[in-house]
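next one to model:
(3 chains)
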Amino acid sequence: MAEPLLAIDGMSLEYSTPRGWLKALDDVSLAIQKGTALGLVGESGSGKSSVVMALLGLLDAGARLHARRIAFSGEDLLSRAAILRGRRIGVVFQDSAAVLNPALTIGQLVTEPLRVHLRLPPVEARARALNLLDEMGIARPVQMMDSYPHQLSGGMKQRVVIATALATDPDLLLLDEPTTALDVTVEAQILDLLDRLRERHGLSMLLVSHNLGIVDRLCDRVAVLYAGRVVENGATATVLDHPRHPYTKGLMAALPRPDVSQSVRLSPIPGGLPDLTVPETGCNFRPRCPFATSGCEQPQSLLGTGHQARCHRLDDVGDLPWSVADQAPLSPQAENETRPLLQANGLRRRFSTGGSFRRSFARADSGVLAVDDVSISIRNGEIVGLVGESGCGKTTLGRLLLRLVPADTGTLHFDGTEIPGTPAATFRRRAQIVLQNPDTALNPRQTVGTILRRPLQHFGLERDAAEIERLLGIVRLPPSYAARYPHQLSGGEKQRVGIARALATRPDFLVCDEAVSALDVSVQAAVLNLLLSLRDELGLSYLFISHDIGVIAHVADRVVVMYRGSVVEEGGVQQVLRPPYHPYTELLLSSVPIIGRHRGAVSVERSTQRPDTAIEGVGCKFAARCSRKAGSVCDTVAPPWQDVEPGHRVRCHIPANALRDIVPWQLGYALERVTGTIAE
Amino acid sequence: MAFALTASRRRLPGVLLLGVTVLAGIVILAVIGAWHTPFDPTAFAVRSRLMPPSLVHPFGTDEFGRDVLSRVLAGAHLSLMIGFGAMLISLVVGVPLGMFAAFHRGMVEEVIMRSVDLLISVPPILLGLLILAVTPPNLFKTILAVGLVYIPILVRLSRALGLALLQEDFVQAAFARGEGASSILWHEILPNAWPPIIVECGLRITFAILLGSALSFLGLGPQPPSSEWGLMIAESRTFLTQAPWVGLAPGVCLSVLLVSVNLVGEGLREYLDPHLSGRAHG
Amino acid sequence: MAGYLLHRLAGALGVVFAMSVLIFAVVHILPGNVAYAILGEFATADNVRALEAKLGLNDPLPLQYWHWLSGMLHGDLGASVVMQRPAAPLILEALGRSAILALLAFVLVATGGIALGVFAATHQGRLSDRIATLAQLVFIATPEFFWGILVVLLFGSWMQVLPATGYAPLDEAGFLAWASHLVLPVLVLACGLLAHVSRLTRSAMIEVLQSRYVLAARAKGFSASRVLWRHALPNALLPAITILAIDLGLLIGGVVVVETVFAYPGLGRLLVFAIEHHDLPLLQAGMMVVTTIYALANLAADVSYAVLNPRIRVGGASA
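You can find the predicted model right below:
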C-alpha cells in the first residue's frame, strides 16, 4: 500500500482541568489514503473534534499533545501545521453562521485565501472565486460576491464555507460535523456536493460526525472513537454492516432507522462516559459492556487486519448481537380504540413581524402564517408523529394543541369537550409538554425534588416524598436524585426529569417537541424506549414532533407531514413510508442518509429550488420545489385531499395512481439538481 | 444569554475577597463615624486653623480648625448612601418596570421602553443638574437624581433578562401547567435573573458614587457644614496650595472606596458569570 | 439603511422635544416661584410682579412654553437675568471653548482607548495586560475633580510648568499660551474615560477573538496580524462605538466638573454659574443646547454604527 496522505501514529492529547489532566485522546492512530475519505465517528465527549483541532495546530495553550508521528504527505505535521493549514489542509466547521465573518462580503471571504496563499492579483482571484462559487452549486455567483453572510440561508453559508476551504485546492479536507443543524434536505445537497467534489478533485477527507448515516454516505473507511480511543476501524460497509466491537454494536442497535421494522426494540447502551481524568489502562468501555469478563481490565490492542477492533474477546463476541434487553418487547397499539382523545379543526395562527408598536397597526394579512388551516386528531394511546423541515410550523402546531399559543381561528376538543382559548386547569393538568433541550428544560436553581413538586403543588395534588419517589421511579431514576440540581445530571437524566415533571400531573396527552433530538444515540434509545413503555403502562397519547424521520418511523403509529404551515400527507406510519406519497414526503425520505442505501441505489433527481416568497393561498405551496409538478394547475389551484388508502391521504394534484408509481425511497437516493435561483 | 444557567459553586475570586474586605472596613468606619468621631466634625477651633497632619490631627485641620479625620469619618456614610441608595432606588423601580414590560408586551411595554429611551438619551449630569438646580439641594435629592440615571439601565436589563428567560424551556413548562404570571416570575424568572442584575449593579455602583460625589462637588449635594467628601474637596480648593491635606484626605478616601467597590463589582462578575471563567474543552 | 437613519433622526428630534418640555416643566412647575428664585427671598411684592410681567410669567403655561420654544427655533435663546445680556452669544462663546476641550479629549479617548483595549486583549494575561488593568482600575476609581486638584497641585503649584487654571484666547494670547491652558483639563478629562473605554474594548475584543470566525480565519492559515486586523478588529469596533456613545454622556459630565476645577470659562462653568445665581432663563437655554448637541452626537454614533455594520447597512436577512 502506498504511503498514506495523512498518517497519525499514537496521538495523545490532554487538557488541564481543575480536577487534573483530562485525557481527551489516548494513543489514536489513523491513516487516510490519497483520494479517500475517512469517517471518524463518536458521541459527544469522544474527543473527535479535538482530532481536527490537533491536526490544525489550533489547540488551546493549556493542551498537551503528544504523538509518535503525524505525517502529512511525508512532512511532519506537528511542526508544520501552521504552514500547511489553509494551504494544503482545508477545514469546514459546523455552524456556518458563526464561522463566516459577519463584517466581510462573500467575495472578500472567498478571494482572501487566493490572494494571501496563492498571491493571485485581484482580478484573477475574483475570477477563480466566481468559478468556485459556481462549482459549489451557487446560482448567480456574481451577485453572491457582494452579499454578506447574514443575507444567506444556512445551506448557502455552508457552501461558501466549503468554497473558502477549497480555494487553495488543498489535498486534505477536514469536515467537523459539516451538516449538523441543517435541514435533512439541505444536508443531502451538501453531502452530494462533497461527494462530487471528492471525485472531481481527488480530495482526501476526514469527516468527523456523530451521524453514522452521513459517514456511510461519504466515507470509504470509518474509525469509531470512544472516550478518546479508536475502538474499531475498517471499510465503512464492513464496519457498519458487521460491527465487531461491542460499542459499535451498541451504537448500531441504539440507532432508530426508518428502514428497520418498528417491532425491533432499540437497545440503549447503559451507563455513561468514563471520567477521563482518571487513568484507565484497561478497556474503558467495560463498565457499559454486556460482554465484559475478566481480562477486560488488561490493556487492549486493535486486533485484526483491515477490519480492526479493540477487544480481546473478539473471537467470542465479534459475531454476537448486542443484547441489552432493559424492557419488555413492544406491545402493539390498541387498535379497537377509535374515539379521538384530541381533535383540532381548522387551526390557524399567524405571527406578525416587527416591534409591538408596528404590530398594533399592521394589516391582518401581513406576517408569517405559521399554521394554516390544520386539522388533526389523536386517539387514546396513539402516537402521532409530526415531521417537516425547520420553520414548517410543527412546533407552533404543538403549542396550539396545548393552547399555549392562542389560535387565530379553529376549534379544539379534548376528551369530548371543547377547549376554550383560555383553558381550565383540568385541561392543563391532562395535556402536558416535554421540551427539546434538556439543558434548559429544568430550572437550574431548583432541585429535582422541587422541580417535580412544582406541578403537584400547582394542581393541589399529593406531594410527599413517596410521590416524588414514584415519579422518579417511572422514569427509572433512583430516589436519591430528588436532592440533586440539574447541573449534576447527564443529558439523558435531565430529559428523564423533564418527562417525570410532565407526568407528575398524571396527564393523558403529551406533546414531545423534539424531545430526544439533543441526546446522543445511545441515550436517545433509552429515552425513546421509556416513552414507548409509558404509553403501554399508562395509556398515554403523544404528539411526537421531530425532524428525525428515523425516530418518527420508530415510535409513531400515524405520521403527519407538514410543509410551510400545511399538512400535505397523513396516514399510518407504514403507509407514509412507502409510495404512494406526496412529492414532499418523497423528498424528505430520499434525503435521509440511511446506512447502506446509496450503495447500488438508483439516483433520483431532486430540485433544490426554494422560493423566499410565495403568494399565500394560491396554488400548492410546494409547487416551486416540486420535481413532479403536474403543470400550471399546481401554481394556481390549491391541491385537493386524495384518499389513497383507508386512513392515508395526500394533498396533491397528481393522481393517486401516478403517485403509486414513484420509486420507493429505500431504493432510490436523491441526486441534487440545481435550478437557477440564489435562495434555497 | 451571557449567563449560563448552571450555578455551580466555585471558589470566591481573590479580587472579590479583597474588595469585600476593604469595603467592609469602610462601611464599619462609616457607621462608627456617623455616631462617634475623635473630634466634633463641625466644631470650629480658631486657634488650630489649617494645621498640617500631626499625631493629634492625623489628617490635619481645615480653615475653621476642624479635624479633617473626624470630618472624613463623619462624611463617609454620605458617599456610601448616595451610591448604594441610588442603586437601591434604581433596583426597586427598574426591575419591576423591566419585568412588567417583559410580561406585558404591547402598548404598556412600548410606553415604558420609549420613556426609558428618552431618559437614557439625556447626559447623566444634566439629569442631576435639572433636578437639583431649581430647588435647594440636599442629600436625598442627590440620591434621587443619581438613582434616576440608573433606572433606565436596569429597566432594559431586567426586560432583556425577562424576555430571554420567558423563552427558556423550563418557563414554557410552567406556562404549560397553567401557572400564573406572578408564580412564574417569583419561582422561575427571578431566581435566575438576580445574578446578572446584581453583577450589573456591582459594576454600575462605581459610576453612581462618582456621579454623586461630582454633583456634591458642584454644590448640588449635601450642604455645608456637612462633610460629604466631594463637598470637602470643593471647599478645600480655595487654600489648596497652603493646606493640600484638607482636599487630599477625602480624595484618597474616595478613591479607596471606589477601588474597593470596583473590585467587588468585577469579582462578583467573575463569580456569578461562568461565561468568563475557563471554557470547557470538547 | 435609510429607514434606520430616519428612525434614528426621528428619535433624536423626539428626545430634544421631550427634553424641552421637561426642562420647561421643571423650571416652571416645581415648587418655588421662578421670580422668587431669581430675586431671592428678600424680594418685594412689587419687584416680583414687575419681573413676572417682564418674563411673561402670568401667561398660561402652554403659551409661555410656545413662546420659549418658538424663540429657540428662531435662534432666540432668551436673556440672562443676572448678566442682563442675551443668552445666545454668551452660550455660543462658552460652547466654542467647551467644544475644543471635549473634542480633544474625545479624540484622545477614542484612539487611545481602542488602541489600549486591543493591545490588552492581545496580550491577555501577560504582565503588560496586568499593569494596564491596574492602571485602568486606578484611573476609573479617581474622580475627575480629585484628579483636577492633584494635577493643579503637581504641575501648577509645585512644578509650575503649566498654568493651573484659566483660559487664554487663541487670538489674543497666541497659540502657546492657548494650548498650555488646555493640556491639563484635556488630560484630566480624558484619563478616566480612556480607562473605561479601553477596559470595555478589551472585553469586546476578547469576545471577538474567541469567536468561531476568528478560529476559522486561523484555520485558514492566515498570519496572526491578518487575523487580528482584518477579521477581529472590524467586529470589535462595533461594540467600541457603542461604548464611546455611552461615554459621550460621561464626557459631558466631565466637562462640567473639569471646567469648574480649572476655572475654564466654558459651557459647563456657565451652567453651574446659572444654577448658583438662579439665572433660570440662562440655565434653560444652556441645557437645551447641551441636550441638542448630545442628541446630535448620539445620532453620529448611530450613523457610524450603521455604516460599519453590514446587517444594518445592507439589511435583508433571508434566513
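
tell me which residue in chain A sits closest to chain C.
Closest residue of chain A to chain C, C-beta to the nearest C-beta: A:Gly86 (2.5 Å). No exception for glycine: its C-beta is placed from N, CA and C like everyone else's.

what sits against that residue?
Residues in contact with A:Gly86 (C-beta atoms under 8 Å, 6 or more residues apart in numbering or on different chains) are A:Pro113, A:His117, A:Thr168, C:Ala219, C:Lys220, C:Gly221, C:Phe222.

and it, how close does it get to A:Leu58?
11 Å (C-beta to C-beta, to the nearest Å).

list residues touching both of the two?
Joint contacts of A:Gly86 and A:Leu58 (C-beta under 8 Å, 6+ apart) are C:Ala219.

find the helix or strand that residue 239 is a member of.
You didn't pick a chain, so chain A it is. Assessed by DSSP states H and E, A:Val239 sits inside helix A:236-241.

that's the wrong chain, I wanted chain C
helix C:233-261.

what comes up buried for the helix or strand just after that helix?
Where DSSP H and E defines the elements, the next helix or strand beyond helix C:233-261 is helix C:267-276. Along helix C:267-276, these residues count as buried under the neighbour rule (16 or more other C-beta atoms under 10 Å in any protein chain shown): C:Leu267, C:Gly268, C:Arg269, C:Leu270, C:Leu271, C:Val272, C:Phe273, C:Ala274, C:Ile275.

among the contacts of A:Gly86, which ones are buried?
Here, 16+ other C-beta under 10 Å leaves A:Pro113, A:His117, A:Thr168, C:Ala219, C:Lys220, C:Gly221, C:Phe222 buried among the contacts of A:Gly86.

number of residues surrounding A:His554?
27 (other C-beta atoms under 10 Å in any protein chain shown).

name the nearest residue to it, sequence neighbours excluded.
Counting by C-beta to C-beta, 6 or more residues apart in numbering or on different chains, A:His554 lies nearest to A:Pro256, which is 3.8 Å off, once chain neighbours are set aside.

check B:Gly14 too.
Using C-beta to C-beta, 6+ apart, the closest residue to B:Gly14 is B:Gly267 (7.9 Å).

which ones are touching the one you found?
B:Leu12, B:Pro13, B:Gly14, B:Val15, B:Leu16, B:Leu17, B:Leu18, B:Gly19, B:Val20.

report the separation between it and chain A.
19 Å (C-beta to the nearest C-beta, to the nearest Å).

pLDDT value on that residue, please?
As predicted, B:Gly267 sits at a pLDDT of 88.

hey, which helix or strand in the chain has the poorest pLDDT?
Assuming you mean chain A. When the helices and strands of chain A are scored by mean pLDDT, DSSP states H and E, helix A:356-361 comes last with a mean of 48.

oops, wrong one, chain C.
For chain C, judged by mean pLDDT, DSSP H and E, that is helix C:34-39, with a mean of 63.

pLDDT wise, what is the closest residue to chain A within the stretch 101-250 of chain B at?
The minimum distance from the stretch 101-250 of chain B to chain A, using C-beta to the nearest C-beta, falls at B:Gly178 (3.5 Å). Looking at B:Gly178, its pLDDT is 87.
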